[in-house]
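A.B. asks: dropping a prediction and its sequence here:
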Amino acid sequence: MSQETIVNLSKEDAKKTGLISKETLLSLLEDGSIDTVNLAICDMQGRLMGKRLTADYCLENNLDKGTHFCNYLLGTDFEMNTPDGYEMMNWENGYGDWLALPDWSTLRIVPWADRTAIVFCDVYDEKTGDPIPIAPRTLLKNQIEKAAAKGFELNMASELEFYLFKESFEDLHQKGYEDVETAGHINEDYNLLQGTRNEPFYQKIRRNMAKADIPIESSKGEAFKGQHEINMRYSHALNAADNHIMFKHGMKEICMQDNLSVTFMAKPNHQWTGSSGHIHLSLWDKRAGENVFYDPDSGNHNMSETMQHFLAGVLKYSRDFALFFAPYVNSYKRYAQESWAPVNIIWSHDNRSSGYRIVGNGKSLRMETRIPGADMNPYLAYTALIGAGLQGIEERLELEPEFKGNAYKDKNIPRIPGSLYEAIQCWEDSEVVQKVLGEKAASHYLFTAKLEQKQFDRIVTKWERQRYFEQC
């Protein structure tokens, strides 16, 4: 996208180009500064689905009424197939419509697109007016509301690692994603000189995200060729998840404009370092505006009793909720010994071999969750963390002692499931998953995971042919 296009968007009513009000949108539609409005929902896989509405349609219709979409969008696989077996969407029920209602607090101008705005929507049953219980954004809102009922609010942030390629998505698809070359030939972890090779692109990403009101704290080279990390600034939990989704979507769109491509797969190649999706979380008193994780009189790294209960809940139920941290077959290829991806469900202070790392001090005291990969759906991963932590507070769980040393070498501590099969079993055996999510959502996502595993099991891979074709 040209700089001129960005400048044209900077009218008196929208100089900041990012988050705007509905009233400002209407004025920009009137004068032609905006001619396209995207209404978007997030699907189970963390992708934005929706419609592009014209300016004339928006001005002639009440956008508060939202838009309809086929309910199959929350019951598909990656290829958009409609597998049999989903309770809430199937041919017996006719694959009817659900309603996407805009959350106007998410309305923003898209700086990298020509005269375009986007607004995130929540999903409702139009007949009853009830939110759809399986929608990812709804699941997160439910946990935020549970926290609010206890007087808490949550600040959260995502750190995302990814690989950049100097080929388009179409080119890689034509090659079957084989023999791909990363945008770099040297490990660039923290190396400013190596990162310079792709800095014009990353600078473009940071600037465009700032214009979209998605604050980026930093970017840096990561631990393999062509791997990079971008850290988003903390925000209230729902806004942080929205920013995460918009960042990934926006980065892919900007890649398309520049004939580049990017992947957020947890493990794109068995020889490469996996891509993590770390989550930072702190719990705050809604009225006092203070971090309730912090207790200056606590000898346990200043962690309050509330923080210790919360962390104990996360530790106890990490295996139960593994499907929300690592949702795909490939997700579990990332969990390898001494690979920078933790395999142990323990906590430590500033120890990267632990699944949960305590960092910061005072108002910045927080827990860093190192378990998820970059392939997570943030609404679901955030839901699991909050739900497990609130369960720990409710049960007043005691926090186990801090682990010290190299957690990879300790064989006596719980580990994250080693496969999607194992994670499915943990979910299916869990009582707390249904308690936190509700029966409909718990069974829906269990069925989705089983479908993903079943699909993988029937595919013959290149590895199998190379290993067995001649030798068997």
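C.D. replies: Nice, thanks for sending it over. Residues are numbered from 1 along each chain as shown.
A.B. asks: from here on, contacts and neighbour counts on C-alpha atoms
C.D. replies: Noted.
A.B. asks: next SSE downstream of the helix or strand bottoming out on mean pLDDT in the chain?
C.D. replies: Lowest mean confidence among the helices and strands of the chain (mean pLDDT, DSSP states H and E): helix 3-8, at a mean of 37. On the C-terminal side of helix 3-8, the closest following helix or strand by DSSP states H and E is helix 22-30.
A.B. asks: which helices and strands sit right next to that next one?
C.D. replies: Contacts defined by 3 or more CA pairs under 8 Å, 6 or more residues apart in numbering; DSSP states H and E place helix 22-30 against helix 55-60.
A.B. asks: buried residues in the helix it packs on, which are they?
C.D. replies: The neighbour-count check on helix 55-60 (16 or more other CA atoms under 10 Å) flags 55, 58 as buried.
A.B. asks: and the residue lying closest to Ile109 once chain neighbours are set aside, how far is that from Cys58?
C.D. replies: Spatially, and ignoring its direct neighbours in sequence, Ile109 is nearest to Ala117 (4.2 Å; CA to CA, 6 or more residues apart in numbering). Separation of Ala117 from Cys58 (CA to CA, to the nearest Å): 12 Å.
A.B. asks: shared neighbours, these two?
C.D. replies: Common neighbours of Ala117 and Cys58 (criterion: CA atoms under 8 Å, 6 or more residues apart in numbering): Val37.
A.B. asks: in contact with the residue positioned nearest the centre of the chain, which residues?
C.D. replies: For the chain, the residue nearest the mean C-alpha position is Pro378 (2.6 Å; CA atoms, centre = their mean). With contact set as CA under 8 Å, 6+ apart, Pro378 has these partners: 46, 241, 244-245.
A.B. asks: so which of those belong to helices?
C.D. replies: 241, 244-245 (DSSP state H).
A.B. asks: which of these sits closest to Ile134?
C.D. replies: Within the ones in helices among the contacts of Pro378, distances to Ile134 taken as CA to CA reach their minimum at Ala241, with 16.4 Å.
A.B. asks: ok, the closest residue to Cys426 other than its chain neighbours - how many residues close by?
C.D. replies: Once flanking residues are discounted, Cys426 sits nearest to Asp320: 5.1 Å by CA to CA, 6+ apart. Counted with other CA atoms under 10 Å, residues neighbouring Asp320 total 25.
A.B. asks: repeat that for Leu437.
C.D. replies: 20.
A.B. asks: now do it against Tyr177, distance only.
C.D. replies: 36 Å.
A.B. asks: could you do Ile245 as well?
C.D. replies: For Ile245 relative to Tyr177 (CA to CA), the value is 24 Å.
A.B. asks: ranges for the strands of the stretch 201-350 of the chain?
C.D. replies: 216-221, 227-232, 235-236, 261-263, 277-285, 347-349 (DSSP state E, counting those that start in this stretch).
A.B. asks: report the distance from the longest strand seen in the chain to the chain centre.
C.D. replies: Secondary structure of the chain per DSSP state E: the longest strand is strand 152-165. Averaging C-alpha positions (CA atoms, centre = their mean, to the nearest Å) puts strand 152-165 7 Å from its chain's average.
A.B. asks: could you export that strand as CSV, CA atoms only?
C.D. replies: Only the C-alpha atoms of strand 152-165 are listed here, as CSV (Å, rounded to 0.1, in the frame of the first residue of the first chain):
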residue,chain,number,x,y,z
PHE,A,152,-11.3,-8.5,39.1
GLU,A,153,-10.3,-7.4,35.7
LEU,A,154,-7.4,-8.8,33.6
ASN,A,155,-4.5,-7.2,31.8
MET,A,156,-3.0,-9.5,29.1
ALA,A,157,-0.6,-9.4,26.2
SER,A,158,0.7,-11.8,23.5
GLU,A,159,4.2,-12.4,22.2
LEU,A,160,4.1,-14.0,18.8
GLU,A,161,6.9,-15.8,17.0
PHE,A,162,6.7,-16.6,13.2
TYR,A,163,8.7,-17.3,10.1
LEU,A,164,8.9,-14.9,7.2
PHE,A,165,9.5,-16.1,3.6
